[in-house]
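**Q** Sequence first, then the predicted structure:
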Amino acid sequence: MAEPKDDKPKLPLTGIVALVLALVSSLLIYQVPLKTSRPIDKEAEKAAAVAPDRVQARLWQDPFEAVTTHRLKEGSQKRAGQDSTQHHTAADVIAAMGFGGASSPILVLPVFMDGSPYASGVESRLRDRYAVVSALGAAGYLPESGEYIRFFEWDQPSGESVVVPIERFQRTADEGQGPSVTEVLVLWLKEQDIGADPLLSLGRLLMHMNCAFKERTAIYRVLGPRSSGSLRAMVDELRLRGAAVATPSLRRAPSAASDVDDAWSVLKGIVLYSSWATAADPFLLAEVPKGAEAKTVEGWFRDGGITLVRAIGTDADLAEQLIEELRRREVDLTVSRQARAAEQEQRGHVPHVALIAEWDTLYGRALPQTFVAVANQLAELNEKQAACHTLEWHLDVLRTKNYPHWVHRYSYLAGLDGELPPKNQDKDGASAKPKLGEGGLRIEQGLAETPAGRSQLDYLRRLVETLKREQATADGEFHAIGVLGSDVYDKLMILQALRSNFPHALFFTTDLDARLTHPSQWPWARNLIVASHFGLALHPKLQTPIPPFRDSYQTALFYSALRAVDHLVEKGQEFATPFGVTVPSEVRPRLYEIGRHGAVDVSPDPPYASPPSEKHLPSLHLPRPDLDPQSGRVRLVAAPTVMLVGAAIVVMLCCALLINSELWHAFRKAELRQVVPGLALAVMLLGGLLCWAMGDGTGGEPFSLTEGVSVWPTTVIRLLAFALCLAFLHHSWWRLRENGRELMQRFSLPDADTAQALGIHSAIGLHDWCPHPKGEVAVEELWKEYRSRGTVGERLMRVLPQTVLYGVLGLLLMFLSEFPVLPCRGAACFQVNQVILLLSVVAMTLLMFYVVDATRLCRRLISIMVGTTIRWPEDLLAKEAAQLGVDKAVVREWVAIQFIAKRTAVISAMIYYPFIIVFLMVVARHGYLDRWDFPIGLLVIFGLNAAYAFGNGVFLRRTAEQAKRAAAAQMRTRLTGVSGVAASSKEKQSLIERMAALIEDTQEGAFLPFTRHPLFGAIALPTGGTGLVFLLEYLATLF
């Protein structure tokens, strides 16, 4: 009796895989949260002494929050009867700082801050102060103290008292060639406190400061205004001022006019650095300038004796970047009018865009108009290929006409969550927790979308339904959706509501913010396209050791402050720095795609005109990490890495040859050496594919394995699936051929060369192969028929028509449901992915039908064997009987079962191949890698692939079991025919029972227990880790 084969692997793969997965999850997936060990003593905080002229505050703290807390403590001291003499005047503060009678000038930096009481206002003040003090530190200025600031109270003509926090910074003595100004005074101003006339109020404040300085000379450079609305208000002031000067009848009363004239005279010569206002000139001016001599915003300031430096670009710059980025992703909004008219006749070909923005701010009203105007201007440029209308002209057209049919505008009010500032504070200074029902309606989380109260979430839900209806009635689905608000929390809520409802749309926005990259926002913020004037950091030589900031406006303020203190001095097209390095003065917008670990820089920067050096930086911005530092061109993998990987592969192959005798013998027989030309060809093809993929340069798809913003990992997996399909097809053909030779030798069957092709009728299937009409056939004749139908040509005649029909069915399913998303970037990326996708799908379908055909042919053979009496060669029966020690009359069924077991052992193993490929194709579309989706049609196709292959495997197993039961029943029939008490009868009964037991105990091929059968592993494979372990254990048994 043959010993059962041990199919267990020699290594405990289940435990090894579980251990590896646990280590990977602990090292890569889980991120340990940062926790402070600093003790907090609230009693000590309450008992802290309050200095009369200083406010306890750290450098990162909101200065107004610190001053408010300080004044509350002063008020409590006053109520307790302690001395609280008024000491918060500008003159007293300046005197306390010890400026005295020094002759060197003081650089005064008034900084406009968001004075709103909302959480977003507090956060913006924290960020602004951090950016300004970081810039001063990078320029070599140290604060008077890192533990306190000062403040004074400024009484405006209206009688209102304004609190102005103030800080002093001094230049260190070892900075060498730094700016001549050695002292900087920072004034923190709430923009809301400046009033409706910001320039006039600023002038009065500067007059107040001049009186406080007395003998000292002050140089004023302002970091502001804080918004586009404030900048427009300043332009209106300048116009009114110009009109008043030109028309005496418009001037105020003499006493008031004198005060106003003095305030305006102080403003002459100051410099304003605008790092927040991004609205284009047409939105800041009352009328769109006409002609070349029209006055710009900077011109109005210049006429007023003020220099305005717009340190940040306009919304038009960002709109152009976004439109070009959408075109790279095959959402082209710059198609000419004639092309649009032609496409409009074919429904579904015109890309539609939804623009969602707040309408209660100038920024929210201006940005959608700017976006559409820039798109129309670029379309006109593509149409004429020559001079076209200006952006101002296109904006003017939008004001008088409706938007194009491909634009769908929607709006909302800022503050969708309905959050208001707290009404009071507890005795410790902390904000009191709002109670349910307090202040109108404070609704629980479960009732947050109730259509009542301050929350606007119910409006947002209805906005989503409106977009759905609009999409259903438009020419096609929304190809892109722009969320163009100014509040990042509103953006995140809109993304949360829209992302799952519009899975095919590209979402884009402006202004990079680190809150967009937080892990809690991944489900809806990942793959968001962000156009921003700045990133979160400048070039490392300018950023110094300061870590990246929280948003792009913080970086812009940092940059403006560096310019304000002359750390960056503009000289022509470059900036000069104190440490002898020059940097281009052009500030190009940046493009980002939100990934799993931050914002991935995808800015389409051109290659460097000249190699960078220690004395010249290529850009102000932080360079893309995937660019070559010398040329500025994209590099996927560094050359040393390629060499190390190649060396590692060679070493692994050498080790495998040394420790694996079968591999070594195969190499000695030159079987592997015949593969070397194929491997060389594969390497050349991969190299060409890589060059093709990199053809888009910086405008192409980035490569990243873990960020979830790249299709290249998917492409690699599909390429692997294609290569495995070819390998499985070749391996299946080789295994079937070798198994056929083993069967011919074992069962005395005719040589394979005698098999003849059957002709074109084989394409209709296996229906014409029927059992012999006489009910008896020689095994040689049956084997010859089987081999003839199993030749490569016969299989192709059956497989190819099925593959074509299946492909047509797949296309019909895609048309009926929807085509999957292809989140590529760049023409080369689309071309490479479409070619590899086509190759992998065709190869997968061919492999599936090849395996199914082999299974069906084997099933047909077994069915004929069950229904027909097989004549086996007499010498074979004699040999088997001698080995088993039985009479040859009782071994026919045993021989048939052994034949079936040996053949199905090969065919059953092939059931894994389609499941492995389907598993890889599913993994290739996993959302971890990129913005992939699974439409219903695609799920049906994958399900049909798996079900078809699995169903044929089940039927093969069932047919084999039928043959086994038939053989066992035949043996029992013979047993009942043997009766009597003679010794020969008992011996014969014993032999028959033994043979029946051998047949029933056969566990090979299709007769394996289900838990050890490849079918069970094929079921478990799509479930992930469990199926992978089964697959590894099965593969381990092959070696």
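**A** Structure received.

**Q** going forward, measure contacts and count neighbours with C-alpha atoms only.
**A** Fine.

**Q** And the residue nearest to G697 when sequence neighbours are not counted, its phi and psi?
**A** Nearest non-adjacent residue to G697, counting by CA to CA, 6 or more residues apart in numbering: V634, 5.7 Å away. Main-chain torsions, V634, degrees, to the nearest 10: phi -70, psi 140.

**Q** Just the pLDDT for V634.
**A** Looking at V634, its pLDDT reads 79.

**Q** how near is it to V602?
**A** Separation of V634 from V602 (CA to CA, to the nearest Å) stands at 11 Å.

**Q** before we move on, what about P935?
**A** 28 Å.

**Q** do Q1003 as well
**A** Separation of Q1003 from V602 (CA to CA): 58 Å.

**Q** Which of the two has more residues huddled nearby?
**A** Comparing Q1003 with V602 by neighbour count (other CA atoms under 10 Å), the higher total belongs to V602, at 22 against 16.

**Q** Quick check, that one in contact with T698.
**A** Yes: in this structure, V602 is within contact of T698 by CA atoms under 8 Å, at 7.0 Å.

**Q** Show the pLDDT at P820.
**A** pLDDT, P820: 85.

**Q** I'd say it and D933 touch.
**A** Yes: between P820 and D933 a contact is recorded at 6.4 Å, counting by CA under 8 Å.

**Q** picking that back up, bridging residues for the residue nearest to G697?
**A** Beta bridges link V634 to L627 when assigned by DSSP bridges.

**Q** give me every residue that touches it.
**A** 626-628, 694, 697-698 (CA atoms under 8 Å, 6 or more residues apart in numbering).

**Q** Could you do D887 as well?
**A** D887 neighbours (CA under 8 Å, 6+ apart): A881.

**Q** So it versus L877, what's the distance?
**A** 9 Å.

**Q** cool, V922 as well?
**A** Counting by CA to CA - V922 and L877 are separated by 49 Å.

**Q** next one: S748
**A** 10 Å.

**Q** do the same with Y118
**A** Taking CA to CA, one finds Y118 at 93 Å from L877.

**Q** Then W393?
**A** Taken as CA to CA, the span from W393 to L877 is 97 Å.

**Q** Looking at these two, which one has more neighbours?
**A** L877 (20 against 16).

**Q** Neighbours of the nearest residue to the more buried one once chain neighbours are set aside, how many?
**A** Nearest non-adjacent residue to L877, counting by CA to CA, 6+ apart: K888, 5.4 Å away. When counting by other CA under 10 Å, one arrives at 17 neighbours for K888.

**Q** Give me the pLDDT for K888.
**A** 74.

**Q** And for H772?
**A** 63.

**Q** do the same with L758
**A** At L758, pLDDT is 53.

**Q** the longest strand in this structure is where?
**A** strand 161-171 (DSSP state E).

**Q** Among the contacts of V634, which one has the most neighbours?
**A** T698 (23 neighbours).

**Q** Using the record's assignment, carve the chain into domains.
**A** 90-310, 315-422+441-532, 639-676, 710-1036 (automatic domain parsing).

**Q** ok, now which ones touch S817?
**A** Taking CA under 8 Å, 6+ apart as the test, what S817 contacts is 935-937.

**Q** where in the stretch 51-200 of the chain is pLDDT low?
**A** 51, 77-87, 99-103, 173-180 (pLDDT under 70).

**Q** which residues in it form helices?
**A** Assigned by DSSP state H, counting those that start in this stretch, the stretch 51-200 of the chain shows helices spanning 63-79, 90-96, 119-138, 191-194, 198-213.

**Q** Likewise for the stretch 301-450 of the chain?
**A** Under DSSP H, counting those that start in this stretch, the stretch 301-450 of the chain gives helices at 315-328, 337-344, 362-384, 391-400.

**Q** Below-threshold pLDDT in the stretch 351-500 of the chain: ranges please.
**A** Looking along the stretch 351-500 of the chain with the criterion set at pLDDT under 70, you get 384-387, 420-449, 474-475.
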